[in-house]
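With the sequence up front, the predicted model follows.
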Amino acid sequence: PSTSTPSTLRERIAAELDSGRRRSEGLTVGVLDDADLIAQHSPLMSPLVWDFAHVGNYEEQWLVRAAAGRDALRPDIDVLYDAFENPRAERVTLPLLRPREAEEYNAQVRRMVLDSLEHVSFDSGTALLDSGFVYHMVIQHEHQHDETMLATHQLRRGDPVLDVGAVPPPALPSGPSEVLVAGGPFTMGTDDDPWAYDNERGAHTVDLPAFWIDTRAVTNAAHMDFIADGGYDDSRWWSEEGWAWRSRTGKHAPAFWRRDAGQWLRRRFGRVEPVPPDEPVQHVSFYEAEAHARWAGKRLPTEAEWEKAARHDPATGTSLRFPWGADEPGHHHANLGQRLLHPTPAGTHPGGTAPSGAQQMLGDVWEWTASDFTAYPGFQAFPYPEYSEVFFGGDYKVLRGGSWATHPTAIRGTFRNWDHPIRRQIFSGFRCARNAEVE
Ligand code: AVJ
Ligand code: FE
């Protein structure tokens, strides 16, 4: 890895592309044999070799063809790696590139991208290229698939292949459990973030009544209390849809948890260990999050409440890029980028505290919000409707803040993720909110 700080946009792009590829290889060809790469580890997920070649094909389409204007290298394989043409459960049946072929294809695409990078203009007035947008899109895309590949690794059976990572930083003294966010307007979304996707645009004013939000995400210990109090068997806490999910699936605990001799254990990347009480709970569905919040006398925050708590600075009336300000995420700010293979205890990362006082809004676990995934006012699909637009109005809830598996370039205060409310293989947790009493 390069130790020098990139001085130009071009150098930054080249360095980010490289680090993304090293990460992808560390989840695929660098750690697993061909059989493991080709196998379908879960019907919910693609074979890892599909994700790997898919990021190369996406890069070919957007950086070789669209950005650099070069001829297509392998237009014949576009259809194999089109996520809409091929449901995840069926990808294993396709005539995919073999792992070695995928490696060579990805390397060839990358050489063409780096060759053309110096000839591309970032200020030509072309929205696709301006400020490096399409390169940022491709860099983030690879990291998003790396997080998806981590979910596949978590579902995979067999000997562990991933490093657990270093010891987490020391915990903060506990402090208040909730913070009050004053009523009033704030700026949601962005007009000018060169990494922002279409769904994060544009900046618009949202006026919210005052609300309380948890300082930290809900912990495993709190979720064990919910379980012990019979929460999974008490329909009072569940929405109608949530109770239908609970009844249909018979779930009584987060995914990967198991009860053994009076103790909760979890399987994490092939290792079984006691559930750590202080970590944010993860691998819960939206429905479990919603039920836990109601049991606690609270509710999930709306997406707007989450974003206000994460980035509104009442001192200046502006919205920050990150809870802590504009600085690029460092280790003291947040648990991001797969440094560890788990969330850090609630109360770590004091350097990442938002002006509201809320902690760990970025990193650790994706946080379910109460909101459906919908378009902001004036939304325009860019550069293609299949990134966001086709999902608006579907059965999707918004998740915010990124997880320990999310790369720092693929998260910010405005970033919006979404998934079906039943999903639990993602690194999902939540924090609670409640209305503030009107004086
Ligand atoms: C934004 C995370 C929901 O992984 O399905 C990847 C991102 N889009 N390839 C996903 C995405 C195209 C997307 N999420
Ligand atoms: Fe993709």
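The structure has been received and is ready for your questions. Ligands and ions are numbered 1, 2, ... in the order given.

what about the strands in the stretch 51-200 of the chain?
Using DSSP state E, counting those that start in this stretch, the strands of the stretch 51-200 of the chain run over 178-181, 184-188.

what does the chain have sitting close to ligand 1?
Residues of the chain that fall close to ligand 1, judged by CB under 6 Å from any ligand atom: 141, 144, 148, 387, 417-418. From N, CA and C alone the C-beta is placed, and that goes for glycine too.

now with 5 Å?
When proximity is defined as CB under 5 Å from any ligand atom, the chain approaches ligand 1 at residue 144.

where does the chain dip in pLDDT?
Residues of the chain meeting the criterion pLDDT under 70: 1-6, 166-170, 172-173, 438-439.

Can you check which helix is longest in it?
helix 133-155 (DSSP state H).

in the protein, which residue is closest to the centre?
With distances taken as CA atoms, centre = their mean, the residue of the chain nearest its centroid is residue 402 (4.1 Å).

Count the neighbours of the closest residue to it other than its chain neighbours for me.
Nearest non-adjacent residue to residue 402, counting by CB to CB, 6 or more residues apart in numbering: residue 411, 3.5 Å away. By other CB atoms under 10 Å, 25 other residues sit near residue 411.

which residues are contacting stretch 123-133?
With contact meaning CB atoms under 8 Å, 6 or more residues apart in numbering, stretch 123-133 is reached by 9, 12-13, 66-67, 120-122, 134, 194, 382-383.

nearest to residue 245, of the strands of the stretch 51-200 of the chain?
Nearest of those to residue 245, taken as CB to CB: strand 178-181 at 27.8 Å.

Pairing partners for the closest one, with directions?
Partner strands for strand 178-181, per DSSP bridges, with pairing direction: strand 211-214 (antiparallel).

List of residues touching stretch 269-277?
With CB under 8 Å, 6+ apart as the criterion, stretch 269-277 contacts 153-154, 156-162, 164, 219-221, 224, 257-258, 263-266, 341-342, 345.

Excluding residues flanking it in the chain, which one is nearest residue 105?
Nearest residue to residue 105, sequence neighbours excluded (CB to CB, 6+ apart): residue 56, at 5.4 Å.

Please list all residues in contact with that neighbour.
Neighbour list for residue 56: 102, 105-106, 109-110 [criterion: CB under 8 Å, 6+ apart].

can you rerun that using 7 Å?
Residue 56 sits next to 102, 105-106, 109 when contact means CB atoms under 7 Å, 6 or more residues apart in numbering.

and which of these is nearest residue 359?
Among those, and counting by CB to CB, the member closest to residue 359 is residue 106, at 38.2 Å.

give me the residue from the stretch 251-400 of the chain nearest ligand 1.
residue 387 (5.7 Å; CB to the nearest ligand atom).

Can you tell me the SS state at that residue?
Secondary structure assignment for residue 387 (DSSP: H, G, I helix; E, B strand; the rest coil): coil.

ok, it touching residue 196?
No - using CB atoms under 7 Å, residue 387 is not in contact with residue 196, being 11.7 Å away.

Compare the two and say which one has the larger neighbour count.
Neighbour count, other CB under 10 Å: between residue 387 and residue 196, residue 196 has more, with 22 against 15.

can you give me phi and psi for that one?
Main-chain torsions, residue 196, degrees, to the nearest 10: phi -70, psi 140.

cool, residue 313 as well?
Torsion angles at residue 313 (phi, psi; degrees, to the nearest 10) stand at phi -110, psi 100.

right, and it touches residue 322 too?
No - applying CB under 7 Å as the test, residue 313 and residue 322 come out as separate, 11.2 Å apart.

Report the closest residue of the stretch 151-300 of the chain relative to ligand 1.
Proximity of the stretch 151-300 of the chain to ligand 1 (CB to the nearest ligand atom) peaks at residue 197, 8.0 Å away.

Was I right to think that residue contacts residue 384?
No - contact between residue 197 and residue 384 fails when scored by CB under 7 Å: they sit 10.8 Å apart.

Specify which residue of these two has the higher count of neighbours.
Taking other CB under 10 Å, residue 197 and residue 384 do not tie; residue 197 has more neighbours (20 against 14).

How far off centre is stretch 110-125?
Stretch 110-125 sits 28 Å away from the centroid of its parent chain (CA atoms, centre = their mean, to the nearest Å).

now swap in stretch 229-241 and tell me
How far stretch 229-241 lies from its chain's middle: 27 Å, per CA atoms, centre = their mean.

Give me the residues contacting that stretch.
Applying CB under 7 Å, 6+ apart, the contact partners of stretch 229-241 are 243, 246, 251-252, 287, 290-292, 294-295.

swap the cut-off to 8 Å and go again
Residues outside stretch 229-241 that contact it (CB under 8 Å, 6+ apart) are 226, 243, 246, 251-253, 287, 290-292, 294-295, 421.

Got phi/psi on residue 245?
In terms of degrees, to the nearest 10, the main-chain angles of residue 245 are phi -60, psi -50.

so how far is residue 423 from it?
For residue 245, the distance to residue 423 equals 11 Å [CB to CB, to the nearest Å].

Mind listing the shared neighbours of these two?
Shared contacts of residue 245 and residue 423 (CB under 8 Å, 6+ apart): residue 285.
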